[in-house]
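# Generate a structure from the sequence data that follows.
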Amino acid sequence: MSPVKDKKYFQIGSLEKGMTILELLVNSEEMSVSEVAARLQMNRSASHRFLATLREMGYVEKNANGRYQASFKIFELGMKVAERFEIRRMARPYLRELQQAYNETVNLGYWDGRQIIHLDKVESREILRMDPGIGTPSPAYCTALGKAILAFLPESEINAYLDSVTLAPLTANTITSIQRLKEELHLTRQRGYAIDDEELTRWLRCVASPVLNYDDRPVFAISVSGPTSRMTDSLVEKISIDVQRICEQLSHYLGKTELGK
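Residues are numbered from 1 along each chain as shown. The predicted structure is shown next:
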């Protein structure tokens with residue numbers, strides 16, 4: 001039996017519970033007081049007080065069905081944080097360039113140390129497209145954005161990530177073997193770009209390359225994604241050349257002179 005982890009002296013229990021409730025609502029469409037209480041194993045009265053406080057602060061709202069849901073205030077705060085990333089302003093013209101060249105969705109991703117956060121995108125004009133929303137998190141192991149970044153991390157950080165993550169099979173193509181994923185990351189580093197071949201979502205293919213900063217760290221990545229019916233092998237290879245070129249230019253602006261391989 002593993003030892004119980006001591007709570008840090010500075011932790012405020014009520015704040016922690018309030019934030020846990022807020023995260024629960026963000027990940028759910030709507031919930032009742034009783035559902036929140038049951039999910040977090042607290043009594044109904046405490047659940048109601050937390051929800052009422054969050055509602056008073058504007059982070060939660062009560063809908064016509066009497067159920068609670070997260071408000072747009074959270075989105076507004078998230079957008080303000082995202083706007084602080086100078087990379088969004090710098091990358092935007094390049095995202096447009098790729099979108100205009102291939103008419104597919106172009107994504108800018110950020111590595112937060114655990115997963116990929118979608119910072120920005122320029123959507124395809126095609127009717128058939130599959131686009132994650134800005135601020136949406138995605139697993140690193142089964143996305144082109146994630147694999148592009150993982151491949152350029154130090155080996156110790158790659159191993160730490162693999163030790164902490166469950167390689168869940170999200171599609172029939174998801175890589176669930178650590179050894180196979182390591183081989184894929186080695187190949188990605190050699191060629192300079194990663195491919196998601198229906199590993200996160202069926203019928204979706206992506207190609208991505210990392211953006212390195214002045215410290216040689218792959219903090220960001222750019223991908224082009226589209227349905228498999230349009231993203232043929234030959235097109236993916238062609239896109240990879242332009243994605244690498246653009247990521248090298250952005251890496252240069254961040255202080256990196258050359259993508260190391």
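
# show me where the stretch 1-150 of the chain has strands.
Along the stretch 1-150 of the chain, counting by DSSP state E, counting those that start in this stretch, strands occupy 60-62, 68-70, 105-111, 116-122, 137-138.

# can you put the ones you listed in a markdown table and add mean neighbour count, distance to residue 99 and mean pLDDT?
C-beta: built from backbone N, CA, C; applies to glycine. As requested, the strands of the stretch 1-150 of the chain are arranged in a markdown table below (neighbours: other CB atoms under 10 Å; distance: least, CB to CB, whole Å; pLDDT from 0 to 100):
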| stretch | mean neighbour count | distance to residue 99 | mean pLDDT |
| --- | --- | --- | --- |
| strand 60-62 | 18 | 35 | 92 |
| strand 68-70 | 21 | 30 | 91 |
| strand 105-111 | 26 | 5 | 94 |
| strand 116-122 | 22 | 4 | 92 |
| strand 137-138 | 16 | 19 | 90 |
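
# So which of those strands is nearest residue 34?
strand 68-70 (11.0 Å; CB to CB).

# Who are the contact partners of residue 175?
With contact set as CB atoms under 8 Å, 6 or more residues apart in numbering, residue 175 has these partners: 141, 142, 167, 181, 184, 199.

# Count the residues that sit near the first one.
Other residues near residue 141 number 26, with proximity taken as other CB atoms under 10 Å.

# for it, what are its contacts?
Residue 141 neighbours (CB under 8 Å, 6+ apart): 147, 150, 165, 167, 175, 181.

# which of those residues has the most neighbours?
Of the contacts of residue 141, with other CB under 10 Å as the count, residue 147 tops at 30 neighbours.

# For the closest residue to that one other than its chain neighbours, the count of nearby residues, please.
Of all residues not flanking residue 147 in the chain, residue 194 sits nearest, at 3.8 Å (CB to CB, 6 or more residues apart in numbering). Residues lying near residue 194 (other CB under 10 Å) number 29.

# Next one: residue 194 from residue 41, what distance?
Residue 194 sits 40 Å away from residue 41, going by CB to CB, to the nearest Å.

# do residue 188 as well
42 Å.

# same deal with residue 113?
Residue 113 is 29 Å from residue 41, by CB to CB.

# which one of the two has more residues nearby?
Using other CB under 10 Å, the more surrounded residue of residue 113 and residue 41 is residue 113, with 10 against 6.

# pLDDT wise, what is the more buried one at?
In this prediction, residue 113 carries a pLDDT score of 88.

# Then residue 2?
pLDDT, residue 2: 39.

# and what of residue 260?
At residue 260, pLDDT is 46.

# now residue 72
84.

# And for residue 76?
77.

# who's in contact with stretch 52-61?
18, 21, 22, 25, 51, 62, 68, 69, 70, 71, 73, 74.

# With stretch 241-258 instead?
With CB under 8 Å, 6+ apart, stretch 241-258 has contacts from 87, 90-91, 94, 97-98, 101, 192-193, 207-216, 220-224, 259.

# Would you mind listing which of those are buried?
87, 90-91, 94, 98, 192-193, 207-213, 220-224, 259 (16 or more other CB atoms under 10 Å).
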